[in-house]
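1. fold the following for me, if possible:
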Amino acid sequence: MMTLDHSSHTRANRVFRSPGASLGKQQPNESLSEALVIQKILLALGGYDASPVFARIPPRSTFVHTLRLRDGVKIAHLSAGALRGPLSRFARYGSCAFALRRFLDLVSETGSVPGSTKAHYGIPSSLASILNDSVIYGGYIPSGYSCPWPPSVQGLFYGLRIIWDDWCLVLSTLHRRFVSSLHREFCGFEAIPAASTSSITLLEGRNQSQENTSPIFRLYLERFSKCNTHDGDHSNSAVSEFKVTLLNLEQCLLPFLVIMEEVTLLLDSILRYMDLYHVNIDSMSRVSTMLLLLQLRSSEHRQDARLSDLWQFLLHHTLSSIKSPLAFGDPSEAPLGDISWTYLGDAFNNLFTARDGVAQIYPEGVLPLSTYTTEWRLKLHKDVNNTEFSVLKLLNDLVTDSVRGTLRVLRNVLDDCHHLTAYLQFLSGICYLRFGDCLDPVFALLIRRPVPLNYEARVRSLIHEATMEWQRLSHGFGSPRQLSAEQVSQMVHSFTYAIQEAKLSPIVELKPISDHLGPLSRFFPESVMAKYSQILCHLLSFQMMLRDVKHLIRLTFRGSATFSGFFLPRATLLLLQICSALDHYYRWAVDTAWSSLQSQLGGCQSITDMLCAHNAYLDYVYECLLVPVGNDNNPTTRVNSLFSESLFLIHSCASELLRLCRSQLDSDAEEMESLYLVLKSEVTSMRGTLNVVCSLSLADVPTFGDEENRILSSVVRAGVDLNSSACHALAVLHRLLR
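-> Below is the predicted model:
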């Protein structure tokens with residue numbers, strides 16, 4: 001499978017090479033037809049000469065500027081701006097296609113490393129160094145560099161060749177549809193190319209196994225398969241229903257162009273990395289694996305399924321050609337600055353450990369590649385003892401796992417999901433106050449003024465007791481089996497708890513201790529713990545407001561305080577309504593989010609999936625609980641930023657009313673009236689904001705007034721998404737406040 005047969009890709013190239021054969025030469029300062037420009041664009045995207053529309057120039061530093069739009073190119077019915085924009089972008093994509101085609105041609109035709117200024121390293125410094133020679137010498141590369149590519153990178157080249165063949169298939173199909181639409185427009189009937197030159201020939205000769213199906217081919221089946229005609233069936237008019245024009249060509253090809261650009265940039269990154277750190281050519285497979293894993297992690301973090309599929313496809317082919325851990329090189333010989341061994345970590349070290357075990361058995365110290373074939377395994381099973389065979393089997397199992405694409409070892413997936421669930425349950429119980437009344441002693445200590453000097457040890461002790469009490473009352477801690485006191489103590493001591501005094505409520509800051517968390521530390525970086533801390537501080541502030549309202553009720557309705565008028569009882573009832581609604585809403589939001597996270601973690605297959613689920617869960621809770629957003633957290637696009645000021649003023653009014661009620665001075669009547677009016681105004685504003693935020697979630701939202709229209713304008717300007725899950729969740733609070 002690893003043999004790069006040049007005939008396999010020339011077939012696809014030959015299908016696409018033919019369109020430009022009959023095109024005459026035209027001067028660039030003349031007005032060109034749109035059909036000619038489209039054909040030249042397709043030729044450029046196939047890596048071929050596209051004059052007079054585009055010109056090739058030697059790249060100075062990067063290969064993306066190899067193709068340049070010629071001056072004076074114009075089309076009669078298009079303005080210069082409408083023409084130059086798309087053509088400039090096509091020039092960049094055409095440069096990528098030319099670079100990838102030139103590299104693959106050199107690999108398959110010469111079988112040796114192309115020209116380089118550093119011949120002793122055996123590889124070119126970048127794609128630009130290849131294209132300089134290609135442009136200057138007209139596609140001929142001077143000889144003199146005959147160092148062959150190592151067998152361990154043939155899998156990567158094979159995957160790149162499959163992607164390129166499928167790209168030629170896409171261009172051939174699009175050109176076929178373009179020619180057919182032209183014939184229908186000018187001749188009145190369809191012109192179906194002969195079967196030998198159509199894209200169907202490639203489909204019939206293609207091995208459609210999953211491992212050889214590239215993301216480009218799958219995307220091709222999704223977008224183009226319905227528009228193809230088969231076996232010369234002229235009754236199917238799907239081909240002529242789509243007319244290829246210059247304006248819709250980029251939109252039609254954009255997903256494919258993005259894939260081609262990303263693949264070419266990856267190849268250039270591999271060459272530049274190896275040139276920068278003087279990495280030997282024998283270690284190219286290790287560097288390729290590292291960069292592919294980094295790209296895969298980045299794509300999964302952005303939830304880009306298409307690019308994730310691309311990197312997994314190339315990673316599978318890269319690993320498929322590795323028959324021995326020797327292909328990764330020796331970590332002791334890694335050049336200074338090369339981080340590939342550090343990044344790949346234990347997975348490849350385990351391969352070397354197994355290799356060393358085999359080397360101790362065999363006097364040669366190194367096993368031939370034929371050892372890993374089926375015949376040699378059967379021979380070893382008969383001729384050697386169980387210990388030798390078990391070591392060899394371990395080595396083969398590790399390599400086989402990588403070849404099958406199971407990145408569980410390479411990405412260090414957690415084997416014990418219960419351990420992670422326990423930590424998340426612990427943090428949600430403390431920071432979201434899900435442990436309820438069990439946290440009363442912790443709450444009493446956190447709000448004490450002044451803060452005790454030895455508060456950290458006392459806080460940990462109280463949190464430990466609260467967690468154990470919660471387990472006893474709930475008959476389980478995130479799973480059917482409970483955690484022991486030692487396990488709970490380990491979780492409690494995995495974080496530090498810093499308390500600072502503030503005006504309305506204390507500021508509690510949680511920080512992780514990496515040495516205690518171990519592999520779980522990647523789930524709790526400082527940015528994540530900062531959000532947990534902000535949620536805890538916000539809910540502590542709400543609990544303090546709820547405590548103030550309870551004091552107001554006792555003083556107001558039990559006759560313990562003297563007051564003038566009805567402003568104090570009215571304010572107390574209004575505060576009670578707000579606190580009751582927020583309390584029910586907070587409990588519902590936290591419990592719903594936690595149940596959803598548990599179900600998602602059960603279906604995760606990798607650490608990346610777990611990280612994405614946890615981060616999405618934390619962002620959802622952070623927004624739904626209306627946590628005040630700081631200046632550094634991009635508050636304009638979060639729905640909780642709309643309620644920060646109202647919640648702060650409501651809490652301040654409750655605190656001031658309690659202070660005035662305790663003073664029992666007749667002169668405070670006017671101030672109480674003012675506080676009541678401010679409180680009523682903020683509650684009205686909060687309800688108006690909820691009307692706007694929930695307008696897309698509820699069918700029975702009241703008609704907007706002037707205040708709601710003003711709020712809607714500010715929401716639209718801020719860019720808040722009214723269709724987000726947080727806005728839908730706030731519909732519960734909207735109903736509770738009615």
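
2. may I see the buried residues of stretch 512-528?
-> Residues Pro512, Leu517, Leu520, Phe523, Phe524, Val528 are the ones in stretch 512-528 that count as buried (16 or more other Cβ atoms under 10 Å). No exception for glycine: its C-beta is placed from N, CA and C like everyone else's.

3. then stretch 546-560?
-> For stretch 546-560, the neighbour count (16+ other Cβ under 10 Å) marks Leu546, Asp548, Val549, His551, Leu552, Leu555, Thr556 as buried.

4. repeat for stretch 669-688
-> Those buried within stretch 669-688 under the rule 16+ other Cβ under 10 Å are Met672, Glu673, Leu675, Tyr676, Val678, Leu679, Glu682, Val683, Ser685, Met686, Arg687, Gly688.

5. separation between the first one and Leu679?
-> Here the distance between Met672 and Leu679 works out to 10 Å (Cβ to Cβ, to the nearest Å).

6. look up how far Ala726 lies from Asn640.
-> From Asn640 to Ala726 the distance is 8 Å (Cβ to Cβ).

7. straight-line length of stretch 62-69, end to end?
-> For stretch 62-69, the first and last residues are 17 Å from each other (Cα to Cα, to the nearest Å).

8. report the rounded mean pLDDT for that stretch.
-> Stretch 62-69 shows an average pLDDT of 77 in the prediction.

9. same thing with stretch 130-137?
-> For stretch 130-137, mean pLDDT rounds to 58.

10. same question, stretch 458-476
-> In this model, stretch 458-476 carries a mean pLDDT of 84.

11. with stretch 84-95 instead?
-> 85.

12. stretch 679-689 too?
-> Confidence for stretch 679-689, expressed as mean pLDDT, is 88.

13. how about that stretch as CSV, C-alpha atoms only?
-> Listed in CSV are the C-alpha atoms of stretch 679-689, where the atom choice follows Å, rounded to 0.1, in the frame of the first residue of the first chain:
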residue,chain,number,x,y,z
LEU,A,679,-35.8,49.0,44.0
LYS,A,680,-39.1,49.1,42.1
SER,A,681,-37.4,50.8,39.1
GLU,A,682,-34.7,48.1,39.0
VAL,A,683,-37.1,45.2,39.3
THR,A,684,-39.2,46.7,36.5
SER,A,685,-36.1,47.1,34.4
MET,A,686,-35.1,43.5,35.1
ARG,A,687,-38.5,42.3,34.0
GLY,A,688,-38.3,44.3,30.8
THR,A,689,-34.9,42.8,30.0
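
14. list the buried ones in the helix or strand hosting Gln577?
-> Using DSSP states H and E, Gln577 sits within helix 567-602. Applying a neighbour-count criterion of 16+ other Cβ under 10 Å, one finds 567-568, 570-572, 574-575, 578-579, 581-582, 585-586, 589-590, 593-594, 597-598, 600-601 buried in helix 567-602.

15. against which helices or strands is it packed?
-> Counting contacts by 3 or more Cβ pairs under 8 Å, 6 or more residues apart in numbering; DSSP states H and E, helix 567-602 is packed against helix 417-431, helix 526-557, helix 607-624, helix 644-663, helix 669-693, helix 725-736.

16. C-alpha coordinates for the fourth one, CSV please?
-> Listed next in CSV are the C-alpha coordinates belonging to helix 644-663 (Å, rounded to 0.1, in the frame of the first residue of the first chain):
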residue,chain,number,x,y,z
SER,A,644,-25.3,42.8,36.4
GLU,A,645,-26.2,46.4,37.3
SER,A,646,-29.8,45.5,38.3
LEU,A,647,-28.7,42.7,40.6
PHE,A,648,-26.0,44.8,42.2
LEU,A,649,-28.5,47.7,42.9
ILE,A,650,-31.2,45.2,44.2
HIS,A,651,-28.6,43.8,46.6
SER,A,652,-27.5,47.3,47.7
CYS,A,653,-31.1,48.3,48.3
ALA,A,654,-31.7,45.2,50.5
SER,A,655,-28.5,46.0,52.5
GLU,A,656,-29.4,49.6,53.0
LEU,A,657,-33.0,48.9,54.0
LEU,A,658,-31.8,46.5,56.7
ARG,A,659,-29.4,49.1,58.0
LEU,A,660,-32.1,51.7,58.2
CYS,A,661,-34.6,49.3,59.7
ARG,A,662,-32.1,48.5,62.5
SER,A,663,-31.4,52.2,63.2
